[in-house]
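# here are the coordinates; sequence isn't available:
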């Protein structure tokens, strides 16, 4: 049974309107970034003045982008390695304190991150990681560990143990 043409047309129109509602703020931001605004680098006429100012602001945009890449790489690589191993351990192995360890890992989610920052900064100053990109990556990794470990445990629980044993035999 096919849907009548008029219902499909109304559905497409509603979808287009919904897409416009979500895209309109992005279009507005792009238009405003090129338009003349008081208090910005683009004060007269339309142009890329704001973007040129951003490109050469303090150390320059390329430096800030490189910093973001370093922090992201440190965070992602460490999170994937640590959380994969922890999730596999919690999923496949039985050892004393198995459930307690997992509950402690999840309970870290209940601690406000702001309460962890001061002790971390004091510790970072002692070990020389204060004001470093690796230090920021480590903090972000710390904040990702509980939820990522939980997700990895669920992912490993979804894989049947029989399949893992068959892989070991092969």
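Ah, there it is. Worth saying up front: this structure is predicted, and the values here are computed from it rather than measured.

# C-terminal to the helix or strand of the chain at the bottom of the mean pLDDT ranking, what's the next element?
The weakest-scoring helix or strand in the chain, judged by mean pLDDT, DSSP states H and E, is helix 49-55 (a mean of 79). Downstream of helix 49-55, the first helix or strand assigned by DSSP states H and E is helix 61-92.

# what residues sit buried inside that following helix?
For helix 61-92, the buried set under the neighbour-count rule, 16 or more other Cβ atoms under 10 Å, comprises 71, 74-75, 78-79, 82-83, 86-91. (C-beta placed from N, C-alpha, C; glycine too.)

# elements contacting the least confident helix or strand of the chain?
On a contact count with 3 or more Cβ pairs under 8 Å, 6 or more residues apart in numbering; DSSP states H and E, helix 49-55 meets helix 5-34.

# which residues of this structure score low on pLDDT?
For the chain, the stretches with pLDDT under 70 are 1, 42.

# from the buried residues of helix 61-92, which is closest to residue 50?
Nearest to residue 50 among those is residue 71, at 24.9 Å by Cβ to Cβ.

# in this structure the closest one contacts residue 136, no?
Yes - counting by Cβ atoms under 8 Å, residue 71 does reach residue 136; the two are 5.2 Å apart.

# so is the residue nearest to residue 43 when sequence neighbours are not counted in a helix, a strand, or just coil?
Leaving aside its sequence neighbours, residue 43 sits nearest to residue 36 (Cβ to Cβ, 6 or more residues apart in numbering; 5.8 Å). At residue 36 the chain is in coil, as set by DSSP: H, G, I helix; E, B strand; the rest coil.

# which one of the buried residues of helix 61-92 is nearest to residue 121?
Checking these against residue 121 with Cβ to Cβ, the nearest one is residue 71 at 16.3 Å.
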